[in-house]
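Peer 1: Structure for this input, please:
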Amino acid sequence: MSEFKRIPPEQAQALREQGAVVVDVRDPATFAALHISGSKHLDNHSLHAFIQGADLDAPTVVVCYHGNSSQGAAAYLVSQGFSDVYSMDGGFELWRTTYPLETAQGTAE
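Peer 2: Now for the predicted structure:
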């Protein structure tokens, strides 16, 4: 079994540009207020459906507030069979200062 890798926002952006799936594990209201463009919100309610429909071999980047909670979520995805998982260090807070134009509002992503 593989383990997740911790990466900076710059590497997350490179993976995102190559088609990686970006999942955000922050609370729904915070996600709706602002998130990485094209990311999917993932919580206890959507987790099962996400895993069922996911390509387990696709690169998956997990994002939280500051890069701590995403590590636990990334480890969980690895335990569920995902093979190429990343936790973004610095979380969304670092992302939005690094890539302010790569953010979006709303819940429909």
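
Peer 1: Just to be sure, A74 is in a helix?
Peer 2: Yes - assessed with DSSP: H, G, I helix; E, B strand; the rest coil, A74 lies in a helix.

Peer 1: contacting residues for the closest residue in space to it that isn't next to it in sequence?
Peer 2: Spatial nearest neighbour of A74, excluding adjacent residues (Cβ to Cβ, 6 or more residues apart in numbering): F4 at 3.7 Å. For glycine as for every other residue, the C-beta is placed from the backbone atoms N, C-alpha and C. Going by Cβ atoms under 8 Å, 6 or more residues apart in numbering, F4 touches 62, 71, 74-75, 77-78, 85-87.

Peer 1: same thing with G81?
Peer 2: L56.

Peer 1: And it, how far from E102?
Peer 2: Distance of G81 to E102, given as Cβ to Cβ, to the nearest Å: 29 Å.

Peer 1: swap in P59?
Peer 2: As judged by Cβ to Cβ, P59 and E102 stand 17 Å apart.

Peer 1: and the contacts of F4, which of them are in helices?
Peer 2: 71, 74-75, 77-78 (DSSP state H).

Peer 1: Any chance of a markdown table for those, columns distance to L42 and pLDDT?
Peer 2: Shown next, in a markdown table, are those (distance: Cβ to Cβ, whole Å; pLDDT from 0 to 100):
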| residue | distance to L42 | pLDDT |
| --- | --- | --- |
| Q71 | 14 | 97 |
| A74 | 11 | 98 |
| A75 | 14 | 97 |
| L77 | 9 | 97 |
| V78 | 14 | 97 |
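
Peer 1: Tell me where this structure has strands.
Peer 2: Using DSSP state E, the strands of the chain run over residues 5-7, 21-24, 35-36, 40-41, 60-63, 85-88, 103-104.
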